[in-house]
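In: okay, here's the prediction I keep looking at, along with the sequence it came from:
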Amino acid sequence: MKIIKIKTPFIKLDQFLKFAEVVQGGGEAKILIQDGLVEVNGEVCIQRGKKLYSGDRVQFENESYEVQ
């Protein structure tokens, strides 16, 4: 699991994917999220604006990330 530290109280899911360098840009993040390929805390999330807080976990393609 990769730990991704943020400096704000929360980060939106699409921004997180870019920040964690999972995707190259926002358009790619939008497509992956809308296609249901991203899980947040074990559940598929199709809300690209979902707010992630410290302790939330994101999974994409057999890779896990934790927000801190």
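Out: Great, that's in hand.

In: quick one: residues in contact with stretch 30-48.
Out: With contacts defined as Cβ atoms under 8 Å, 6 or more residues apart in numbering, stretch 30-48 is touched by 12-14, 17, 23, 29, 50, 52, 56-61. The way it works is simple: take the backbone N, C-alpha and C, and place the C-beta from them, glycine included.

In: buried ones from those residues, can you make that a ChimeraX selection?
Out: The ChimeraX selection below is limited to those of those classed as buried (16 or more other Cβ atoms under 10 Å):
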select :12,13,14,17,23,29,50,52,56,58,59,60
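
In: just the contacts of stretch 30-48: which are in helices?
Out: Among those, the ones falling in helices (DSSP state H) are 13, 14, 17, 29.

In: show me what contacts the closest residue to the first one other than its chain neighbours?
Out: Meaning residue 13. In space, and not counting its chain neighbours, residue 13 is closest to residue 50: 4.5 Å by Cβ to Cβ, 6 or more residues apart in numbering. Going by Cβ under 8 Å, 6+ apart, residue 50 touches 12, 13, 40.

In: ok, residue 50 to residue 41 distance?
Out: The spacing between residue 50 and residue 41, counted by Cβ to Cβ, to the nearest Å, is 10 Å.

In: and if you look at residue 1?
Out: 13 Å.

In: also residue 6?
Out: Counting by Cβ to Cβ - residue 6 and residue 41 are separated by 16 Å.
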